[in-house]
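Trainee: Sharing a sequence plus its predicted fold:
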Amino acid sequence: MRLVFIGPPGAGKGTQCKRLVEYLNIPHLSTGEMLRSVKKQETALSRWVASYIDAGKLAPDHLVMRIVSQKLQSDECRNGALFDGFPRTIIQAQLLDDHLAEMGLKLDMALELKVQEEELIQRLLKRAEIDGRADDNYETIRERIHVFNTQTAPLTEYYAKQGKLETVDGMQSPEDVFEDIKRCVSRRRPT
Ligand code: AP5
Ligand code: MG
C-alpha cells in the first residue's frame, strides 16, 4: 500500500506513521526527517537546507523530489511506502504521481489529519520542551502553519478529485485517531 499523510505541523503525522509502519509493515518516508539529517552534516547543502527549515519555509520541490525518488528506487519500498509530510505542494504531488507512474505504481490513499490551530500551537510548544526541535518556537510554528494553509492544504482538493482522499479528526486521542486510520486503510487497501 502507498499512502500520503497530509496535515499541518503538530497534527500527529509522525505519531500515527510510527503506528502504521508497524501495522502495514511498509517503510516510513518522512521528508522532514530526511532534510533534518541533511541539515546535520557540515556542508554547503546542509546550510542551504537549514535556511529553509529554520525559517519554517518549504525546501525547493526538486531537491525534495530528488531525495524521495532515491528512496523509492530502493528495494525496501517495493511493496509500499508511507509518505509523511510529502508531497507538500501541487508540484510535488504531480512529480510524485509521474514518478510512480513511470515505475508502474500509484498511490492508494491520501489521508488528511484535521486539527485546530490553537491545539497545534500548544502541542508543538510542549514538544519544544521535550525534543528541542529548532523550528518549534512560536514564531516559526506560526509561519509553518501559514505555509501549510497556503501551499499544502490545496492538496486535499487535488486528491479528492482523484477519489483518494480520506479525512480523520486529529483532535481525538492518539489511540482513537489510529482506530479511524485503520478503518480508512481497510477501505482502501489494494486487493
Ligand atoms: P516536518 O518534519 O514534516 O514537520 P511538520 O510538518 O512541521 O510537522 P511536525 O513533524 O512538526 O508534526 P507532526 O504532524 O509530525 O506531529 P507529531 O506526530 O510530531 O517538516 C519540517 C520542515 O522540513 C518543514 O517546515 C520544511 O522546511 C521541511 N520539509 C519537510 N518536508 C518537506 C517537503 N515535502 N517539501 C519542502 N520542505 C519540506 O506530533 C506533534 C506533537 O503532538 C508531539 O509531541 C506528539 O506527541 C503530540 N501529539 C500527536 N498526536 C496527538 C494527539 N492525538 N493528541 C495530543 N497530542 C498529540
Ligand atoms: Mg513530523
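Mentor: That came through fine. Ligands and ions are numbered 1, 2, ... in the order given.
Trainee: roughly how far apart are the most centrally placed residue in the chain and residue 111?
Mentor: Nearest to the geometric centre of the chain sits residue 85, at 1.5 Å (Cα atoms, centre = their mean). The gap separating residue 85 from residue 111 is 12 Å, by Cβ to Cβ, to the nearest Å. Using the backbone N, CA and C atoms, a C-beta is placed for each residue, glycine as well.
Trainee: Kindly report the same for residue 26.
Mentor: 14 Å.
Trainee: Counting neighbours around each, name which of these two comes out higher.
Mentor: residue 111 (26 against 19; other Cβ atoms under 10 Å).
Trainee: Tell me if that one really is in a strand.
Mentor: Yes: assigned with DSSP: H, G, I helix; E, B strand; the rest coil, residue 111 falls within a strand.
Trainee: Name the residues linked to it by a beta bridge.
Mentor: residue 5, residue 166 (DSSP bridges).
Trainee: contacting residues for it?
Mentor: Counting by Cβ atoms under 8 Å, 6 or more residues apart in numbering, residue 111 makes contact with 3, 4, 5, 6, 166, 167, 168, 181, 184.
Trainee: Touching both of residue 85 and residue 111, which residues are there?
Mentor: residue 5.
Trainee: Go ahead and report the secondary structure state at residue 94.
Mentor: helix.
Trainee: how close does it sit to residue 42?
Mentor: Residue 94 is 34 Å from residue 42, by Cβ to Cβ.
Trainee: Of those two, which one has the most company?
Mentor: For residue 94 versus residue 42, neighbours defined as other Cβ under 10 Å are more numerous around residue 94 (14 against 6).
Trainee: I'd like to know how far the more buried one sits from ligand 1.
Mentor: Distance of residue 94 to ligand 1, given as Cβ to the nearest ligand atom, to the nearest Å: 13 Å.
Trainee: May I ask you to confirm that residue 81 is in contact with residue 72?
Mentor: Yes: contact criterion Cβ atoms under 8 Å: residue 81 and residue 72 qualify, at 6.9 Å.
Trainee: what about the two, which has more around it?
Mentor: Comparing residue 81 with residue 72 by other Cβ under 10 Å, the one with more neighbours is residue 81, at 26 against 21.
Trainee: Give me the phi and psi angles of the more buried one.
Mentor: phi -160, psi 150 (degrees, to the nearest 10).
Trainee: who does it bridge with?
Mentor: Beta-bridge partners for residue 81, by DSSP bridges, are residue 2.
Trainee: Could you report the distance from it to residue 21?
Mentor: For residue 81, the distance to residue 21 - Cβ to Cβ - is 10 Å.
Trainee: again, but for residue 188
Mentor: For residue 188, the distance to residue 21 equals 16 Å [Cβ to Cβ].
Trainee: How many residues are close by residue 175?
Mentor: 8.
Trainee: so which strand or helix has it?
Mentor: Residue 175 belongs to helix 174-188 when assigned by DSSP states H and E.
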